[in-house]
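**Student:** Sharing a model prediction with you, sequence too.
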Amino acid sequence: MKKNLLIAGLIALLMPTMASAQLPPKPNIDLGIKVGANFAQLNGDDWEGGYKANYLAGIFTGLRFKKFGVQVEGFFSQTKYTTSGQSFYDNYDAKVDFKPTANPAKKSRFNVGYINIPVLLQYKVLPMVWVQAGPQYAGIVSVRDVDDLVQDSKQLFKDGSFCGVVGLEAKLPVKVVVGARYVFGLSDVNNTSTSGAWQQNTIQIHAGFSFL
């Protein structure tokens, strides 16, 4: 009987230690804002190459443990796409409703606004540096036909697309974050009935501030 009481007493004393040992470490919580530069190009035979600069701005939140974490963001980005000129007009003349005043020889510009939602896994590689990777959804919220090429500029692009994201982010002690990413298109954004894939590739740099 005494032996059973002794064992029960030892178990009672060890229970708090055992319970605390099984609990995961408390994560760091991120919640903040970010702004940055967006350098995008639309890959396709009928679009002008080269990365064109614009801006991005939005919010982020996430959980970080000692080595791993996850971060979810929502931000607006503006991009610029330029057609190849005459070849674009020739290839899409039968599929796109061009304006009567359109100049087929002119390279035409489109400003496209996106709401981007990336979900990124994070892994710490240095004391303040994290590798980030994951999928991103990009939904179009605006299309501006700068040179009045087509009757309905939204008919050119699909409303939404998926991308892959890889990058690095430094989380500094003063709650400032800075980072750089490469975003590569996984979806064809060509909404016309003409064959030929259009995929967006983007280089992004950003800075932000975490309130927590």
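**Tutor:** Thanks, I have the structure now. The structure displayed is predicted, hence computed values, not measured ones.

**Student:** part of a strand, is residue 197?
**Tutor:** No: counting by DSSP: H, G, I helix; E, B strand; the rest coil, residue 197 is not part of a strand but coil.

**Student:** which residues touch it?
**Tutor:** 43, 44, 188, 190 (CB atoms under 8 Å, 6 or more residues apart in numbering). Glycine gets a C-beta too; all of them are placed from N, C-alpha and C.

**Student:** How confident is the prediction for it, by pLDDT?
**Tutor:** On pLDDT, residue 197 comes in at 86.

**Student:** Could you identify the least confident member of the contacts of residue 197?
**Tutor:** Scanning the contacts of residue 197 for pLDDT, the low point is residue 44. It has 83.

**Student:** Is it correct that that residue is in contact with residue 195?
**Tutor:** No: counting by CB atoms under 8 Å, residue 44 does not reach residue 195; the two are 11.0 Å apart.

**Student:** Comparing the two, which residue is more hemmed in?
**Tutor:** A side-by-side neighbour count of residue 44 and residue 195, using other CB atoms under 10 Å, places residue 44 first with 20 against 8.

**Student:** if I look at that one, how far off is residue 201?
**Tutor:** As judged by CB to CB, to the nearest Å, residue 44 and residue 201 stand 11 Å apart.

**Student:** Report the set of residues contacting both of the two.
**Tutor:** In contact with both residue 44 and residue 201: no residue, using CB under 8 Å, 6+ apart.

**Student:** As a markdown table, the contacts of residue 197 with distance to residue 106 and secondary structure would be great.
**Tutor:** What follows is the contacts of residue 197, written out as a markdown table (distance: CB to CB, whole Å; DSSP: H, G, I helix; E, B strand; the rest coil):
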| residue | distance to residue 106 | secondary structure |
| --- | --- | --- |
| 43 | 21 | strand |
| 44 | 18 | coil |
| 188 | 26 | coil |
| 190 | 21 | strand |
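
**Student:** Redo these as a markdown table? Include distance to residue 102.
**Tutor:** Compiled in a markdown table, those are given as follows (distance: CB to CB, whole Å):
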| residue | distance to residue 102 |
| --- | --- |
| 43 | 23 |
| 44 | 19 |
| 188 | 24 |
| 190 | 19 |
